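[1] would you be able to build a 3D model of this:
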Amino acid sequence: MAKGVESARPQASTRVDALSRTFYVVRHAKAGSRSHWSGDDRLRPLSKKGHQQAEELVKVLEPFPVSVIFSSPYLRCVQTVEPLARMRRIGIKSSASLEEGHGLAGLTEFLRNRDLDHAVLSTHGDIVWELVEDLVQRHVIKGGEGGFEKCSTWVLGVDGGVATQARYLRAP
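    Residues are numbered from 1 along each chain as shown. Reported below is the predicted structural model:
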């Protein structure tokens with residue numbers, strides 16, 4: 001596990017849901033090629049371009065309040081939010097719910113947690129893909145609106161544990 005990463009799963013809450021809470025779902029920055037990586041994929045790091053994107057993500061999210069940062073434990077996801085964590089002086093909490101293959105169900109654990117607001121969630125393309133499909137299916141966004149670029153961010157307005165508003169921030 002990367003230095004400065006805490007292990008955490010979102011906890012259930014009894015607090016009354018606010019009218020709207022905000023989440024920033026970040027797809028990890030550009031990593032080295034899977035086909036050229038012979039080790040454990042969980043340890044595949046960001047590429048030079050990915051590190052640059054991670055640094056620029058700090059500027060992209062500068063106008064937004066951030067209270068907590070969660071990340072898939074995969075190194076590339078952690079490295080994507082490390083500059084943001086340093087700048088905001090916030091620790092990174094590791095969550096298996098954001099790992100590849102956990103789909104929308106893993107992300108929904110966070111959206112339903114009434115104690116979370118202004119949370120950054122660093123995750124993988126498959127989860128972002130499912131999120132966008134869900135947003136289109138529920139008519140929150142139109143098909144083709146936004147995207148899945150590496151290091152892009154979806155700003156979600158959440159009511160009752162469900163994203164009711166979504167804004168796409170292009171990758172740096």
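[2] which parts of the protein are strands?
    Taking DSSP state E as the criterion, the chain carries its strands at 5-7, 21-27, 68-71, 92-94, 119-123, 153-159, 162-169.
[3] okay, and the beta partners of residue 31?
    Beta-bridge pairing of residue 31 under DSSP bridges involves residue 46.
[4] near it, how many other residues are there?
    21 (other Cβ atoms under 10 Å). All C-beta spots, glycine's among them, are computed from the backbone N, C-alpha and C.
[5] was I right to think it contacts residue 48?
    No - counting by Cβ atoms under 8 Å, residue 31 stays clear of residue 48, with 10.8 Å between them.
[6] out of the strands of the chain, which comes closest to residue 53?
    strand 21-27 (10.2 Å; Cβ to Cβ).
[7] wait, what's in contact with the residue nearest to residue 170 when sequence neighbours are not counted?
    Nearest non-adjacent residue to residue 170, counting by Cβ to Cβ, 6 or more residues apart in numbering: residue 152, 5.9 Å away. The neighbours of residue 152, taking Cβ atoms under 8 Å, 6 or more residues apart in numbering as the test, are 26, 27, 128, 146, 168, 169, 170, 171.
[8] and residue 152, how far from residue 82?
    Note on residue 152: its distance to residue 82, by Cβ to Cβ, to the nearest Å, is 18 Å.
[9] okay but residue 60 is in contact with residue 167, surely?
    No - judged on Cβ under 8 Å, residue 60 makes no contact with residue 167 at a distance of 12.0 Å.
[10] neighbour count: those two, which is higher?
    Taking neighbours as other Cβ under 10 Å, residue 60 and residue 167 compare with residue 60 leading, 19 against 14.
[11] list the contacts for the more buried one?
    Counted by Cβ under 8 Å, 6+ apart, residue 60 has contacts 153, 169, 172.
[12] can you lay out those as CSV showing neighbour count, pLDDT and distance to residue 120?
    Putting these into CSV (neighbours: other Cβ atoms under 10 Å; pLDDT from 0 to 100; distance: Cβ to Cβ, whole Å) gives the following:
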residue, neighbour count, pLDDT, distance to residue 120
153, 26, 98, 8
169, 18, 96, 12
172, 18, 93, 15
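[13] residue 161: which of those residues is nearest?
    residue 153 (20.2 Å).
[14] quick check: closest non-adjacent residue to that closest one.
    For residue 153, the spatially nearest residue (Cβ to Cβ, 6+ apart) is residue 169, at 4.2 Å.
[15] could you do residue 146 as well?
    residue 168 (3.1 Å).
[16] and the one you found, how many neighbours?
    16.
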